[in-house]
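Peer 1: Provided below are the primary sequence and the corresponding predicted coordinates.
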Amino acid sequence: MSAGKKHARSDAEEQAVRSSKKAKTDEVTDAPADADSFDVKADKEKKMDKKDKSEKKEKKNKKEKKEKKEKKEKKEKVAEEQQDIEIPDADAAVEPKAEKKEKKDKKDKKDKKKSKKSKSEDATETNGASETSAPETNGTNGTNGTNGASRVNGAPTDDEIKVFLEKEEVKIADPSNSGLKPILQFSQLPKTKLLSKNPFSAYKAPTPIQAASWPFTLAGRDAVGIAETGSGKTMAFSLPCVEKLLTTPKKAALRGDRSTRARAVIVSPTRELAMQTHEAISSLAAHVGLSAVCIYGGASKDDQRTLLRKNSGADIIVATPGRLKDFLSDNTISLADVQFAVLDEADRMLDKGFEDDIKLILGSCLPKEQRQTLMFTATWPTSVRGIAESFMVDPVKVTIGNRTRAGDEDGNGNGSVELQANSRIHQTVEVVDPRGKEQRLLELLREAQKGSAKDDRILVFCLYKKEAVRVEQFLERRGIKVASIHGDLRQDQRTRSLEAFKSGSTSVLVATDVAARGLDIPEVKLVINVTFPLTIEDYVHRIGRTGRAGKTGKAITLFTEHDKAHSGSLVNILRAAKQDVPEDLLKFGTTVKKKAHDSYGTFYKDVDMSKKATKITFD
Ligand SMILES: Nc1ncnc2c1ncn2[C@@H]1O[C@H](COP(=O)(O)OP(=O)(O)OP(=O)(O)O)[C@@H](O)[C@H]1O
């Protein structure tokens, strides 16, 4: 109730009290003015006597009537109770039984709740993370707001969830112990306006990262999602994004404000990935009349401004950091209303190349307490975890795959997320002479595209732009139909190359690491690393362009003495994925150099995200 209304109501009440007081005073003053005279007194006494008598009689009658009524009711009650016991199909017996059942149901529910609570308390004691309950209602447990979703039907049983968590190696570290649990089928998601349109009809079931993260992200929680390449992370963050916007009304534009006021922002490290994510989320948002616009460098700013202003602005902006920063500084875009932010390829977005941009972008959105922030990636190096947490509020961490570090036996996913390659990719490492790399590449391509496999898509990774140009020309001269994608090409050339590769008109694409992350190109059969990438994380992302959405794939890496600094981490990746480790590779050593973060240095400590920070006070 507003203060004004509160006042209005008290005034009215006071008025009513005042008028009733006045009425009482009026009654008293209505008594005859001459009441002191004798005659009148006697007369009055007579009248009083008469009145007393009749009042007494009336009281007696009333008492008798009341007693009779009580006796009758008592009789009826006894009869009813007897009927209840002895005459099961009597109408009179039905009602008390229904009442009893209702009471019993209520009691059962209460007991169930109690046992759930004690279970979750047990779990908290043993592993510090919540043993979550089936998501009866999503959208009611959020810390940052809810999505207003309705009750979920047919939630999975605890046993089904247990099997799922074990089979898919799912770890959920929930610092809020919210009691939320994974869903296993699309039908177990809340019945929202968007989901009633059946947007996932092309898929059979949610992927593990979707199944495990949606109950939390749909409830408004901040989250870090770590799952192998090609495992459906895009939809994992797109669904809660669209749902969130559906439940929060768009603010009216301020007078004279020409900037596009987005409500959600998704930041991607590369232009091509931004475009791909935009396509995916647009198709989801279109079901419910929301719009998404993609902005990225290397393309006309004016065209993008026109798109932003069309249809009274964009609800969702998918962007690369550089162009987004430009549009923020010239007020083309305002992020002041952004209540949902995603860092896709989050570890890349938080490493030194992008860290300042991200601080600026997230700093332009609503404060972290008022927005929902999600970070998704396949690799989550220790070096970025602290900075990631600083942008979120009590994030739940969902990890898919057995990434428990050797010696970390608890298996709670408490921050010890080790690097893991997609296990459906067959990895081969060949130690070669650096001078023989191009020739070996040619042999490998010819081998792989023999016979019926002649059109198989193969992605060839180089480290440097100049190297990519050289390799492309080398292959072209040998009659291989090839295209390339790297930073020295204009955006339209990059887009054309990618389209040609996707459509199959070119079966070999030579790329630098601009194509390493996120790109979802159907049916890439083989990835060849001509030169090892700068980081082991990039290796995992590069090879992850194959073996997507449950399919298998192959990766061949040409390793030379120049790459020996990476031998230890590569050996670990191969072993963890149960792949052969060549003797030649072991010769370079198996030690892994500890990585340092620019701000936190090598002293940076693993952050246990399931535990609340302890406040230390100094007297
Ligand atoms: N529930 C699902 N069932 C089957 N396929 C799915 C499902 N969800 C998404 N996909 C498909 O899986 C493919 C890979 O998804 P996506 O590109 O989101 O992977 P990713 O985890 O983001 O990979 P990366 O780490 O390389 O960025 C896409 O083609 C997508 O359409």
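Peer 2: Thanks, I have the structure now. No experiment lies behind these values; they were computed from the predicted model shown.

Peer 1: so which residues on the protein come close to the ligand?
Peer 2: 203, 206-207, 210, 227, 229-235, 378, 518, 520, 544, 548-549 (C-beta under 6 Å from any ligand atom). In this view, the C-beta of every residue, glycine as well, is placed from N, C-alpha and C.

Peer 1: helix or strand right after the helix or strand harbouring Thr277?
Peer 2: Using DSSP states H and E, Thr277 falls within helix 271-286. Next helix or strand after helix 271-286 toward the C-terminus (DSSP H and E): strand 292-295.

Peer 1: partners of that following strand, with directions?
Peer 2: strand 316-319 (parallel) (DSSP bridges).

Peer 1: what's in contact with the strand it pairs with?
Peer 2: Here strand 316-319 makes contact (C-beta atoms under 8 Å, 6 or more residues apart in numbering) with 241-242, 245, 260, 262-268, 274, 277-278, 281, 285, 290-296, 308, 324, 333.

Peer 1: what score does His287 have for pLDDT?
Peer 2: At His287, the model reports a pLDDT of 96.

Peer 1: which residues touch it?
Peer 2: The neighbours of His287, taking C-beta under 8 Å, 6+ apart as the test, are 194, 197, 199, 242.

Peer 1: tell me which residues touch the nearest residue to Met275 once chain neighbours are set aside, please.
Peer 2: What sits nearest to Met275 in space, not counting adjacent residues and going by C-beta to C-beta, 6 or more residues apart in numbering, is Cys294, at 5.6 Å. Cys294 makes contact with 274-275, 277-278, 317-319, according to C-beta under 8 Å, 6+ apart.

Peer 1: ranking those by neighbours, who comes first?
Peer 2: Neighbour counts for the contacts of Cys294, by other C-beta atoms under 10 Å, peak at Val318, which reaches 30 neighbours.

Peer 1: show me what that one is bridged to.
Peer 2: With DSSP bridges as the rule, Val318 is bridged to Ile266, Cys294.

Peer 1: just the pLDDT for it.
Peer 2: pLDDT for Val318: 98.

Peer 1: distance of it relative to the ligand?
Peer 2: Distance of Val318 to the ligand, computed by C-beta to the nearest ligand atom, to the nearest Å: 13 Å.

Peer 1: then Cys241?
Peer 2: Cys241 sits 13 Å away from the ligand when distances are taken as C-beta to the nearest ligand atom.

Peer 1: that residue: how many residues sit nearby?
Peer 2: Cys241 is flanked by 26 other residues according to other C-beta under 10 Å.

Peer 1: the helices in the stretch 401-550 of the chain, which residues?
Peer 2: Using DSSP state H, counting those that start in this stretch, the helices of the stretch 401-550 of the chain run over residues 437-448, 465-477, 491-503, 536-543.

Peer 1: so which of the ones you listed is the most packed in?
Peer 2: helix 536-543 (a mean of 24; mean count of other C-beta atoms under 10 Å).

Peer 1: ok, the following helix or strand past it: who's next to it in the sheet?
Peer 2: Sequence-wise, the next helix or strand downstream of helix 536-543 (DSSP H and E) is strand 553-559. Using DSSP bridges, the strands paired with strand 553-559 in its sheet are strand 425-431 (parallel), strand 524-529 (parallel).

Peer 1: and those: which comes nearest Lys301?
Peer 2: If you check each of these against Lys301 by C-beta to C-beta, strand 524-529 wins as the nearest, at 32.6 Å.

Peer 1: in JSON lines: the strands paired with strand 553-559, plus mean neighbour count.
Peer 2: Shown next, in JSON lines, are those (neighbours: other C-beta atoms under 10 Å):
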{"stretch": "strand 425-431", "mean neighbour count": "20"}
{"stretch": "strand 524-529", "mean neighbour count": "24"}
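
Peer 1: mind checking those for the one nearest to Lys181?
Peer 2: Of the strands paired with strand 553-559, nearest to Lys181 by C-beta to C-beta is strand 425-431, at 30.3 Å.

Peer 1: many thanks, we can stop here.
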